[in-house]
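In: I'd like to go over a predicted model; first the sequence, then the structure.
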Amino acid sequence: MSMGYIHIIICVQERKVLHLLSNVVDMPEFSGNGIRRYVECNNKLHHLIVAVSPFYPEEGRGKRMDEFAESLEEFRKVYYFQKHVEDWDKDYSCQIRILSNR
């Protein structure tokens, strides 16, 4: 059953893993538990997580991206970007987090 989101894992090199999450973190069904378990079981690898989603300014959905990033305690924020429709001259919103465990 498709839930309308994408999570891709790309093994860039033997010891590096790139996780691409598109329009998933802001969804109520997404808990992040699967990614956390995978990272914990493979903690000797270098994990880079790229999460992209629309930016929702409200308290519920709007906080999910930061809550997910904070739940990955061993990770540091490499890149942070967010713009609401009213914040720039685009007709869409966007938020991006890039996290690394190294």
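Out: Yep, that arrived.
In: Give the other helices and strands that the helix or strand encompassing G34 contacts.
Out: Here G34, judged by DSSP states H and E, is contained in helix 33-41. The helices and strands touching helix 33-41, judged by 3 or more CB pairs under 8 Å, 6 or more residues apart in numbering; DSSP states H and E, number zero. C-beta here means a position set from N, CA and C on the backbone, and glycine is covered the same way.
In: Helix, strand, or coil at the most centrally placed residue in the chain?
Out: Nearest to the geometric centre of the chain sits A51, at 2.8 Å (CA atoms, centre = their mean). Assigned with DSSP: H, G, I helix; E, B strand; the rest coil, A51 falls in the strand class.
In: pretty sure it contacts D26?
Out: No - between A51 and D26 there is no contact under CB atoms under 8 Å: 9.3 Å.
In: Mind listing the shared neighbours of these two?
Out: M65 (CB atoms under 8 Å, 6 or more residues apart in numbering).
In: and R64, what element?
Out: R64 belongs to helix 59-71 when assigned by DSSP H and E.
In: Packing partners of that helix?
Out: Right, helix 59-71 is packed against strand 46-53, strand 94-100 by 3+ CB pairs under 8 Å, 6+ apart.
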